[in-house]
Structure formats: structure tokens, C-alpha cells
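Trainee: no sequence on this one, just coordinates:
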């Protein structure tokens with residue numbers, strides 16, 4: 001049995017070196033006792049990170065700005081006690097630097113939940129004023145724990161705010177057809193594509209006609225998956241690129257060209273997905289809109305200064321600020337809306353290429369620039385693409401799509 005005891009004093013010591021020494025002592029002790037001493041790391045992080053980094057956001061937890069660890073931790077393990085003081089120097093922990101960085105990331109993700117999200121700017125119980133009657137019927141105030149609409153009047157789709165049946169009946173009546181594009185190049189096809197398709201058959205727009213458009217350099221290895229009625233699959237061969245970054249960026253032009261030549265004649269809507277994901281819950285017609293962006297799971301509760309926009313003024317993707325940080329793993333809309341998105345991103349990529357520049361996060365950086373200049377008509381919450389690395393969050397009531405395990409060291413070589 002473990003007992004964690006800590007005492008805090010109201011001291012203001014904004015020294016990074018002091019913070020590093022405290023943190024190193026925490027990990028030094030946790031390694032000597034048990035590696036999952038998360039409470040210690042998290043308690044440090046709420047004082048050091050939230051207090052010193054987030055400024056004055058009005059959160060209750062900002063009272064921690066003048067609190068730092070100033071005591072020892074006493075860990076009692078079957079009668080054996082260890083006193084862990086703040087006197088452990090960084091040089092004593094140099095061999096543990098990788099371990100410390102890992103814990104630092106985990107702690108920051110855990111306490112991102114303490115950041116207050118923005119709120120829907122409408123008056124309480126007010127409905128959206130939208131040309132789309134379904135969006136106007138959303139129960140935005142059933143989820144007061146999260147932001148349910150944007151300042152420009154677009155809904156942010158969260159579990160509990162919509163009736164799935166209403167959306168499905170509407171789109172069945174409208175005879176809506178959806179295209180899904182996914183790129184499975186090289187080893188990505190072997191590792192991810194089959195599970196992606198099988199799970200999509202279970203959960204993606206199951207009430208509607210769907211065609212999967214699979215872009216790959218090895219079409220002969222596309223797995224055979226049993227499809228439901230009104231579901232189809234088409235395989236399009238593309239040239240393999242030398243670098244994964246080029247694959248990521250060139251997909252924008254490929255999608256734009258294929259919309260022009262094919263998709264616009266057969267489908268009203270299109271969703272573009274990364275292949276290294278697995279559907280685990282309903283991803284339904286409530287997600288359809290003119291242009292649809294996805295809140296990045298790692299940043300939806302972060303401060304705007306922490307968003308990883310491209311900060312290079314020379315890049316076409318350059319941004320100083322923005323509304324949200326969008327994840328390029330999923331974007332969608334009407335065929336015309338997605339055509340506009342992909343053409344804009346491709347043009348930005350080519351402008352950068354002329355200057356021998358690459359945006360920080362490649363096509364995702366350009367996608368964020370597009371949604372800053374041209375606001376999406378609908379925003380999907382992180383429920384629609386969640387990472388289990390983040391861990392449990394109270395506001396994430398359902399998982400609809402999960403990141404698959406990443407094997408970047410193997411797949412991106």
C-alpha cells in the first residue's frame with residue numbers, strides 16, 4: 001500500500017531551473033519506489049504549468065500561480081520509507097531525461113482539462129440561426145461543459161446535442177450519397193487499411209450509400225472486405241513518393257482532381273481520412289455539412305498560443321492566431337466545399353515549394369490557414385478522432401474514431 005503525503009507553501013519562484021530540480025526529484029523518487037507515481041507529477045504540473053504558463057484566464061486553478069512544491073514526498077511502501085527532497089540536482093537525473101520528458105508530456109495532457117473551453121456565444125437556450133433546419137434544432141445547452149457553437153454560428157458536434165435519427169431520416173429522404181477517400185501508400189496499406197475498412201463498414205454513415213475511394217501505389221494488395229448493401233469500393237493507383245511528407249501534401253491535389261473528374265458526378269458529400277485510424281462508434285450523418293473541420297484532440301483545450309500553426313512569415317500557411325487547431329486526419333463537406341479546401345491547400349503548398357519551404361505540419365498547416373480565412377460550416381468535437389494516449393477526459397463521453405497505434409519508425413522509412 002502506498003501513501004502519498006505532500007505539503008505546499010505559498011511561494012512564488014518562477015525559476016525554470018528550480019522547477020526542473022523539483023521535477024527531477026519527483027522522478028528520482030518515483031523511480032526508486034514505483035514508476036506510476038502519477039499524482040506527484042500531476043501535482044507539480046498543475047502548479048508549474050497551469051500557474052506559470054496560462055496567464056490570467058480566470059480559472060480557479062490559476063490561484064496556483066504562487067504555489068510550487070516546497071516539501072518532501074514521503075512514500076510508504078510496506079513499511080519502508082523514502083524521503084524525496086528538492087535537493088536532487090539535475091546532473092543526478094541526466095540519465096533519466098527521456099523518462100522525465102515522457103512524464104512531462106503525459107502530465108501536460110492530463111491537466112489540459114483544467115483549461116476552460118470557450119463557450120457558445122448565444123444566450124442560454126437560444127438556438128442556432130442556420131439555413132440548415134437540423135443544425136437549428138441542436139440542443140446546444142445540453143452540454144454546458146463544452147463549447148457547442150462557434151462565434152460565427154457553426155455547431156460543434158458533441159454527444160448529447162443531436163438526435164441521430166433526425167439526421168439519418170433527413171439524409172435518407174434526400175438520397176444523400178457519401179464518398180470516403182483514404183490514402184494507403186506502401187506499408188500503410190498492409191498495416192492499417194483492412195481494419196480501417198472493416199470498422200468503417202460497422203460505423204461510418206451506415207444508413208447511407210457510401211463509396212470508398214482507396215488511393216494506393218499497390219492496388220493488387222488492397223484487402224477484400226465484405227461490404228453492405230449500397231456500399232462500394234474503388235481503387236485508384238497513384239505514384240509512390242520518396243517521402244511521407246510528399247504523400248501527405250500531394251493528396252490535396254489528387255483529391256481535388258478526382259473530385260473534378262469523378263466524385264462530383266456521383267456524390268453530394270465527401271470525407272477525407274487518414275488510414276491509421278479505427279472506427280469504434282457511430283460516425284453518422286450528423287457530421288455532414290458544407291465544410292467540416294475537426295478539433296484536434298491534443299489542442300482543443302489548449303491556449304491559442306500553444307497551437308502549432310506555421311509561424312514562418314515566408315510560408316503561405318503562416319498564421320499569427322486562429323480560432324481552433326484543426327486536425328487534418330479528417331475533413332469533409334460537400335464536393336464543392338472539399339474541392340475548394342484541397343485546391344487552396346495545394347496552391348499554398350506549391351507557393352512554398354517555389355521558395356523551397358515546407359509548412360510546419362505540411363498539409364495540416366495549410367488546412368488550418370484555410371479554415372481561418374474561410375470558416376467551416378460545422379466543427380466536429382474530438383469524439384470524432386480521439387487518441388487514447390491522452391487518457392480519460394470527462395467531456396469525451398463517446399469515442400467514434402480512435403488513432404491506431406503508430407509505427408512511424410517503420411512506416412516512414
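Mentor: Good, I have the coordinates. Note that the coordinates shown come from a computational prediction; the quantities given were computed from them, not determined experimentally.
Trainee: Helix, strand, or coil at the nearest residue to residue 228 once chain neighbours are set aside?
Mentor: Nearest-residue entry for residue 228: residue 201, 6.1 Å, with adjacent residues in sequence omitted and distances by Cβ to Cβ, 6 or more residues apart in numbering. In short, each C-beta sits where N, CA and C put it, glycine included. In three-state terms, and counting by DSSP: H, G, I helix; E, B strand; the rest coil, residue 201 is helix.
Trainee: what's the burial count for residue 201?
Mentor: The local packing of residue 201 (other Cβ atoms under 10 Å) involves 17 other residues.
Trainee: distance of it from residue 192?
Mentor: 15 Å (Cβ to Cβ, to the nearest Å).
Trainee: Next, the contact list for residue 130, please.
Mentor: Neighbour list for residue 130: 136, 153, 155 [criterion: Cβ atoms under 8 Å, 6 or more residues apart in numbering].
Trainee: Adding distance to residue 264, write those residues out as CSV.
Mentor: Formatted as CSV, the contacts of residue 130 follow (distance: Cβ to Cβ, whole Å):
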residue, distance to residue 264
136, 28
153, 27
155, 26
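Trainee: just checking, which of these belong to strands?
Mentor: Secondary structure from DSSP state E places none of the contacts of residue 130 in strands.
Trainee: contacting residues for residue 162?
Mentor: Applying Cβ under 8 Å, 6+ apart, the residues contacting residue 162 are 134, 138-139, 286.
Trainee: Equivalent analysis for residue 174, please.
Mentor: Contacts of residue 174 (Cβ under 8 Å, 6+ apart): residue 268.
Trainee: coming back round to it: check whether the residue nearest to residue 228 really touches residue 230, as I assumed.
Mentor: No - between residue 201 and residue 230 there is no contact under Cβ atoms under 8 Å: 11.5 Å.
Trainee: what sits in contact with each of the two?
Mentor: Residues touching both residue 201 and residue 230 by Cβ under 8 Å, 6+ apart: none at all.
Trainee: quick one on the thing from earlier: quick one: the residue nearest to residue 228 from residue 233, how far?
Mentor: Taken as Cβ to Cβ, the span from residue 201 to residue 233 is 10 Å.
Trainee: For residue 278, which non-adjacent residue is spatially closest?
Mentor: residue 199 (4.9 Å).
Trainee: Next, count neighbours for that neighbour.
Mentor: Residue 199 has 19 neighbours, counted by other Cβ under 10 Å.
Trainee: next one: residue 205
Mentor: Neighbours around residue 205, by other Cβ under 10 Å: 23.
Trainee: cool, residue 362 as well?
Mentor: Neighbours of residue 362 under the rule other Cβ under 10 Å: 23.
Trainee: Need the overlap of contacts for residue 201 and residue 233.
Mentor: Counting by Cβ under 8 Å, 6+ apart, the common neighbours of residue 201 and residue 233 are 225, 227.
Trainee: now, among the contacts of residue 162, which is nearest to residue 168?
Mentor: Among the contacts of residue 162, residue 286 lies closest to residue 168 (Cβ to Cβ), at 8.5 Å.
Trainee: State the phi and psi torsions of the closest one.
Mentor: phi -60, psi -20 (degrees, to the nearest 10).
Trainee: Okay, it and residue 256: tell me how far apart.
Mentor: Distance from residue 286 to residue 256, counting by Cβ to Cβ: 26 Å.
Trainee: ditto for residue 169
Mentor: 32 Å.
Trainee: Looking at those two, which one has more neighbours?
Mentor: Counted by other Cβ under 10 Å, residue 169 and residue 256 do not tie: residue 256 has more neighbours, with 20 against 14.
Trainee: OK, contacts around that one?
Mentor: Contacts of residue 256 were listed using Cβ under 8 Å, 6+ apart, and they are 339, 342-343, 346.
Trainee: same thing with residue 134?
Mentor: Contacts of residue 134 by Cβ under 8 Å, 6+ apart are 162, 166-167, 170, 286.
Trainee: hmm, 7 Å instead?
Mentor: Each residue near residue 134 by Cβ atoms under 7 Å, 6 or more residues apart in numbering is listed here: 166-167, 170.
Trainee: how about these in CSV, adding pLDDT and neighbour count?
Mentor: Formatted as CSV, the contacts of residue 134 follow (pLDDT from 0 to 100; neighbours: other Cβ atoms under 10 Å):
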residue, pLDDT, neighbour count
166, 96, 15
167, 97, 21
170, 97, 16
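Trainee: tell me which of the residues you listed is nearest to residue 324?
Mentor: Distance to residue 324, by Cβ to Cβ, is smallest for residue 167 among the contacts of residue 134, at 22.6 Å.
Trainee: Show the low-confidence segments of the chain, by residue range.
Mentor: Filtered on pLDDT under 70, the chain yields the residue ranges 1-116, 242-249, 408-413.
Trainee: for the stretch 251-400 of the chain, what spans make up the strands?
Mentor: Here the stretch 251-400 of the chain has its strands, by DSSP state E, counting those that start in this stretch, at 269-273, 277-279, 291-294, 330-334, 378-380.
Trainee: Determine which stretch of those is the most buried.
Mentor: Ranked by average neighbour count under the criterion mean count of other Cβ atoms under 10 Å, the strands of the stretch 251-400 of the chain are headed by strand 291-294 at a mean of 27.
Trainee: all helices of the chain, in order?
Mentor: 16-33, 38-45, 51-53, 97-111, 133-136, 164-173, 187-188, 194-203, 244-261, 335-354, 363-373, 408-411 (DSSP state H).
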